[in-house]
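Peer 1: need a 3D model of the sequence below.
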Amino acid sequence: MGLITVIILILLLIAGYYLSYFDWDFLGFISLSIGTLGLIFHISLLSVKTYCYEQFITQRTSFEQTLHDSRVNGNELESASIIIDVVEWNRVLASIQYDSKTLFLSQYIDKRFDTLEPIK
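Peer 2: Purely as a prediction, here's the structure:
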């Protein structure tokens with residue numbers, strides 16, 4: 001889907017150029033503007049997706065270590081509090097995995113999210 005989006009935006013840029021060339025200045029300007037902004041937006045989001053995955057994994061690893069330490073220490077109050085956090089982490093993961101299956105958002109979400117399992 002990502003490559004199709006880039007091709008469509010480039011075709012929009014080319015159409016805008018030709019519309020401007022053949023005295024359709026306003027439509028050409030609109031087409032060039034939408035194509036340029038779309039490409040900038042698309043490339044920006046694609047460049048951020050790996051960063052977001054790495055950040056999520058780092059935070060999750062840290063949380064899993066805290067969860068493990070809490071279970072080893074046996075503090076019931078801390079464990080009860082962390083259970084709420086486990087539910088929140090699993091909810092966020094489920095939301096990301098759902099978004100990665102949608103038509104528009106799937107191109108901006110790292111596919112490695114689909115391989116992650118919920119925290120138990």
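Peer 1: what ranges in this protein fall below the confidence cut-off?
Peer 2: For the chain, the stretches flagged by pLDDT under 70 are 1-2.
Peer 1: centre-most residue in it?
Peer 2: When the chain is reduced to its mean C-alpha position, the closest residue under CA atoms, centre = their mean turns out to be Ile109, at 3.5 Å.
Peer 1: pretty sure that one is touching Lys49, no?
Peer 2: Yes. Between Ile109 and Lys49 there is a contact under CB atoms under 8 Å: 6.2 Å. Every residue, glycine included, has its C-beta placed from N, CA and C.
Peer 1: in the protein, which spans are helices?
Peer 2: Remark: helices assigned in the chain by DSSP state H are 2-21, 25-73, 76-99.
Peer 1: follow-up on the earlier one: residue contacts, the residue nearest to the centre of the chain?
Peer 2: Lys49, Ile96, Asp99, Ser100 (CB atoms under 8 Å, 6 or more residues apart in numbering).
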